[in-house]
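In: A structural model of the following input is requested.
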Amino acid sequence: MAKKKDSQLEQISARVHDAWVSWAQQIQRRVKPIWRERWKKLYTHYDNLPEVEKEKDREFGRDIQEVIKKDAQLGGQASARKSTRQRNWRRQIGQRAAHHHISNRSEHASKDDGYGMRKKSAAWQLGYQHGV
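Out: All right, here's what the predicted structure looks like:
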C-alpha cells in the first residue's frame, strides 16, 4: 500500500513539475535574468531533478493527495457541489459583466419597441445567452 502511495505521489509530483515548467517558460520573458538562468536548469524531466527540487514538487503532490482523499471520504459529493457552485457563479458573473459592458454602450442598450416595452438589442441577447 505504501509503495502504491509513493508511486502515486511520484506521478502527481511529475505532473506538478511539468505544469511548473510550462508556466515558467510562458513567463520567462517577464522575470529577471537571474531567475531565467536558475529556472533553465530545472527545465528537465522530473526524474532528472535533484532530490531537493523533487521534494518541492512532492509538497504540492501531498496537498493534491489530501484533497483526493477528502473527496473520496465524502463519496465525491464535495466536488460535485463545488463544481455546480462554480458553474453557477461563473454564469452569474459572466451575465453581470455582459450586461454591464453592453448596457454602458448606447448603441447596444435596450430600446423602446414602440409599444412602451423595453427590448434588448441582439448584441445583449447574444451575450446573455452565452453567459459572457
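
In: Distance of Val21 relative to Phe60?
Out: Computed as Cβ to Cβ, to the nearest Å, the Val21 to Phe60 distance reads 13 Å. Backbone N, C-alpha and C define where each C-beta goes, glycine included.

In: ok, now Pro33?
Out: In terms of Cβ to Cβ, Pro33 sits 26 Å off from Phe60.

In: Compare these two and say which one has the larger neighbour count.
Out: Legend: neighbour count by other Cβ atoms under 10 Å for Pro33 and Phe60, higher for Phe60 (16 against 8).

In: I'd assumed Ala14 was in contact with that one.
Out: No. Applying Cβ atoms under 8 Å as the test, Phe60 and Ala14 come out as separate, 11.2 Å apart.

In: Can you say which helix or strand has Asp18 in it?
Out: helix 2-27 (DSSP states H and E).

In: Now do the contacts for the nearest residue to Ala24 once chain neighbours are set aside.
Out: The shortest distance from Ala24 to any non-neighbouring residue, by Cβ to Cβ, 6 or more residues apart in numbering, is to Trp39 (5.0 Å). Listed by Cβ atoms under 8 Å, 6 or more residues apart in numbering, the contact partners of Trp39 are Ala24, Gln28, Val31.
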